[in-house]
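Undergrad: curious how this folds, go ahead:
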Amino acid sequence: MKLVIIFGPQAVGKMTVGQELAKTTDLKLFHNHMTIDLVSNFFSYGSAAGKRLVNLFRQEIFEEVAKSDLTGLIFTFVWAFDLKSDWDYIEHISRIFESEGGTVYLVELEAGMEARLERNKSPHRLEHKPTKRNLAFSERDLRETMESHRLNSLEGEVKHPNYMRINNTDLSPEKAALMIKEKFGF
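TA: You can find the predicted model right below:
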């Protein structure tokens, strides 16, 4: 069982790279908006009820997948490195898989702001993430989050043995997925 956590700032390409990786492996993609967009039909993701439901759905899916006979899961996440709670969350979901004998892989994506702003309004992103369709809100959230949190790690900060960092500003999602597949032997 494998858990591949693809993380980085908003609109860096986590879902799209995850989709490409899923196409060429037996790993299933669970991008973070699958739960956010489901719950947002009822409650704002920022509300207590919204956060509780998103976490509940994710927890249940992680536990079931970790115990299953699936090859593994790709999960995408915006990791704020300045928040201990985000470090704790990565550790928590990693333990779910490791406790069932699984292996965790951490893939960090980074890209320049201009590339991310363009990706933020791509038809592909908007098709798969309904809550991002309000472009004014989405762009404002992207900029504000970059100002209030550190969304990429510092050099040497992530000490996980199965870790790689990819600057995909000028890489296709297919090329980034191939780099992940080759690095970890998927």
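Undergrad: can you verify my assumption that His31 contacts His128?
TA: Yes - in this structure, His31 is within contact of His128 by CB atoms under 8 Å, at 7.4 Å. C-beta here means a position set from N, CA and C on the backbone, and glycine is covered the same way.
Undergrad: between those two, which contacts overlap?
TA: Common contact partners of His31 and His128 (CB atoms under 8 Å, 6 or more residues apart in numbering): Met15.
Undergrad: more neighbours, those two?
TA: His31 (21 against 16; other CB atoms under 10 Å).
Undergrad: how about Leu73, secondary structure?
TA: In three-state terms, and counting by DSSP: H, G, I helix; E, B strand; the rest coil, Leu73 is strand.
Undergrad: hey, which helix or strand in the protein has the poorest pLDDT?
TA: For the chain, counting by mean pLDDT, DSSP states H and E, helix 123-128 ranks last in confidence among helices and strands (a mean of 69).
Undergrad: who does the longest helix belonging to the chain touch, helix- and strand-wise?
TA: Longest helix in the chain, counting residues (DSSP state H): helix 48-67. Judged by 3 or more CB pairs under 8 Å, 6 or more residues apart in numbering; DSSP states H and E, helix 48-67 is in contact with strand 28-30, helix 33-39, strand 72-77, helix 84-98.
Undergrad: tell me which of those sits most buried.
TA: For those, the largest average neighbour count (mean count of other CB atoms under 10 Å) is found in strand 72-77, namely a mean of 23.
Undergrad: work out which residue lies at the spatial centre of the chain.
TA: Thr76 (1.5 Å; CA atoms, centre = their mean).
Undergrad: so what's that residue up against?
TA: Per CB under 8 Å, 6+ apart, neighbours of Thr76: Ile5, Ile6, Phe7, Lys14, Met15, Gly18, Leu29, Phe30, His31, Asn32.
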